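Enquirer: have a look at this prediction, sequence included:
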Amino acid sequence: METIDYGTGELGRVRFVLSPLGHLIHGVHDGPCSRESPWRQRWWPRARRQVSLGSGRLVPLINRAHPDAPAFLPLAIAGDGDGAATPTFEQELDRLRATPPHLLGYRLATTPVRTDDSDRLIRGLRNQEDASLRAVVDGLLALYRATLMPDWPTISERLQRDVSMRRRQIQQHGTLPMLTNLHSDITWRPRTEPGGPGPGLILAPCLFGQQRAHCGPGADGTQVVVYPTAELEESYAAPDDHLAALLGAGRAAVLRSLASPASTTGLARRLGISAPMASTHATLLRNAGLVSTARDGKSVRHELTAVGRQLVELNPQTATTF
């Protein structure tokens with residue numbers, strides 16, 4: 001559980017950042033938060049096959065951090081101006097280059113010392129060696145090009161949808177209600193002592209960490225909150241997707257996914273949504289006569305009816321999904 005003190009400065013300067021570097025670190029980090037993310041479960045096994053000896057040098061270093069969250073994640077995220085920032089990966093690396101090496105080194109040194117490449121890099125960072133910082137930056141760039149770069153446009157589009165939803169919440173209800181609904185891990189506490197305007201808040205939606213929020217100071221001291229994206233009901237579909245136009249993109253994806261039967265949990269994993277949402281979609285499709293459901297032991301088994309199968313066969317998927 002995280003407690004964040006806020007004042008008028010923070011409420012008046014909330015910035016959203018879509019971070020490719022943050023996603024690379026969170027996606028490669030093999031902690032509980034990442035492992036439980038359906039999106040990361042689908043991305044990392046495929047991406048890992050693209051990692052070579054050279055581009056994979058940073059994987060052990062990233063996983064030297066705290067087992068529950070990448071310890072230097074907030075350092076990788078910074079925002080400029082107001083609204084939603086969409087920095088390129090190279091721009092974020094420039095920010096990381098400007099970070100004092102010892103600060104990165106001490107953030108990483110949270111596990112027992114070993115005599116491997118990761119430990120040598122950490123020692124070099126803590127000793128303010130610019131060469132060690134260059135090695136980290138170069139390693140991250142190689143890892144990004146090998147793994148995340150092809151998928152970042154699709155991921156970024158999904159993150160932007162989450163930001164748009166949060167902005168609507170601010171417009172309709174105010175900043176503080178939006179923040180209190182961000183994640184149950186976070187308690188927002190009003191600052192009791194008078195102070196300056198404050199540096200504001202940076203909010204970074206994350207597709208690869210779906211279990212908890214991660215908070216910490218960025219390189220400039222600004223509070224950074226990395227939070228799981230909301231479960232947006234509709235997924236992306238091409239404009240000429242007639243099945244999505246008829247049922248909604250979310251239920252169309254569920255119907256197509258049931259071309260092979262699945263339990264509620266299995267359906268959720270296929271689509272990267274929660275089990276309650278999968279159950280809701282299946283119930284609505286069952287009520288429409290497109291899906292049948294039968295109990296199978298302790299779980300239920302969903303499959304297409306003849307009408308549902310005919311709809312899927314007449315409307316093959318044309319959308320590109322991640």
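Expert: Done, it's in. Numbers count the residues shown, from 1 in each chain.

Enquirer: Thr3: what's it in contact with?
Expert: Neighbouring residues of Thr3 by C-beta atoms under 8 Å, 6 or more residues apart in numbering: 186-189. (C-beta placed from N, C-alpha, C; glycine too.)

Enquirer: let's see 6 Å
Expert: By C-beta atoms under 6 Å, 6 or more residues apart in numbering, Thr3 lies in contact with 187, 189.

Enquirer: that one should be in a strand, yeah?
Expert: Yes: assigned with DSSP: H, G, I helix; E, B strand; the rest coil, Thr3 falls within a strand.

Enquirer: for it, give the beta-bridge partners.
Expert: Counting by DSSP bridges, Thr3 is bridged to Thr187.

Enquirer: mind checking how far it is from Gln223?
Expert: As judged by C-beta to C-beta, to the nearest Å, Thr3 and Gln223 stand 11 Å apart.

Enquirer: let me know the helix or strand that Ile25 is in.
Expert: Ile25 belongs to helix 20-28 when elements are defined using DSSP states H and E.

Enquirer: which residue packs closest to Leu176, ignoring adjacent ones?
Expert: What sits nearest to Leu176 in space, not counting adjacent residues and going by C-beta to C-beta, 6 or more residues apart in numbering, is Leu11, at 6.2 Å.

Enquirer: that neighbour contacts Thr175, correct?
Expert: Yes: counting by C-beta atoms under 6 Å, Leu11 does reach Thr175; the two are 4.7 Å apart.

Enquirer: on that earlier part again, remind me what the helix holding Ile25 packs against, helices and strands.
Expert: helix 58-62, helix 89-97 (3 or more C-beta pairs under 6 Å, 6 or more residues apart in numbering; DSSP states H and E).

Enquirer: can you list contacts of the first one?
Expert: For helix 58-62, the surrounding residues in contact (C-beta under 6 Å, 6+ apart) are 25, 28-29, 118, 121, 139-140, 143.

Enquirer: mind putting those into a markdown table with pLDDT, neighbour count and distance to Val17?
Expert: Formatted as a markdown table, the contacts of helix 58-62 follow (pLDDT from 0 to 100; neighbours: other C-beta atoms under 10 Å; distance: C-beta to C-beta, whole Å):
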| residue | pLDDT | neighbour count | distance to Val17 |
| --- | --- | --- | --- |
| Ile25 | 87 | 28 | 14 |
| Val28 | 89 | 27 | 19 |
| His29 | 86 | 26 | 18 |
| Ser118 | 77 | 20 | 27 |
| Leu121 | 80 | 26 | 26 |
| Gly139 | 88 | 20 | 22 |
| Leu140 | 88 | 24 | 17 |
| Leu143 | 90 | 26 | 20 |
